[in-house]
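A.B. asks: Sequence first, then the predicted structure, then my questions.
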Amino acid sequence: MCKCADRADRVRPRAPGTYEGITMRLETADGSRGERAAARRQHFPWWSLWLIWPLLAALKWAAPLYLAGLAEARGTLGALDRPAAALAAVLLIAAGLLLIRRE
């Protein structure tokens, strides 16, 4: 016969000075949920630092494209002699960007 049931039935004698009680939370009982949530929001999300290297790679890729487009636009607008033509070109560029953003 298994002696496991026999061991479970025995009550261990308490040693002098031992504590038997309830488990208590370490956080303060007077703190409301709103205060605890606000304290949680104040911490910096350190995991977001891992997003820096893809951002730098994207900037390294996009910067030459942006600068080339800017140089081309400056060359196109500089070649126009009349101010009305330059204004029309700028308005067409702005309208195109708004249509791209809208989609």
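C.D. replies: Structure's in. What do you need?

A.B. asks: hey, let's count contacts and neighbours off CA atoms from now on
C.D. replies: Noted.

A.B. asks: Leu56 is in what secondary structure piece?
C.D. replies: Leu56 belongs to helix 52-79 when elements are defined using DSSP states H and E.

A.B. asks: Would you indicate which residues of the next helix or strand after that helix are buried?
C.D. replies: Downstream of helix 52-79, the first helix or strand assigned by DSSP H and E is helix 83-102. Using 16 or more other CA atoms under 10 Å as the test for burial, helix 83-102 gives 86, 89.

A.B. asks: tell me which strands and helices helix 83-102 is in contact with?
C.D. replies: Applying 3 or more CA pairs under 8 Å, 6 or more residues apart in numbering; DSSP states H and E, we find helix 83-102 packed against no helix or strand.

A.B. asks: between it and helix 52-79, what angle do the directions make?
C.D. replies: 150 degrees (axes from the mean of the first three to the mean of the last three CA atoms, to 10 degrees).

A.B. asks: low pLDDT regions in this protein?
C.D. replies: Along the chain, segments meeting pLDDT under 70 span 1-14, 27-41, 77, 79-81.

A.B. asks: Could you rerun that using 80?
C.D. replies: 1-21, 23-43, 45, 76-86, 103 (pLDDT under 80).

A.B. asks: tell me the secondary structure for Met24?
C.D. replies: coil (DSSP: H, G, I helix; E, B strand; the rest coil).

A.B. asks: Gly17 versus that one, what's the distance?
C.D. replies: Look at Met24 and Gly17: by CA to CA, to the nearest Å, they are 19 Å apart.

A.B. asks: got it, and Arg101?
C.D. replies: 73 Å.

A.B. asks: Over to Ile100?
C.D. replies: Taken as CA to CA, the span from Ile100 to Gly17 is 76 Å.

A.B. asks: Likewise for Gln42?
C.D. replies: 43 Å.

A.B. asks: and if you look at Leu98?
C.D. replies: Counting by CA to CA - Leu98 and Gly17 are separated by 77 Å.
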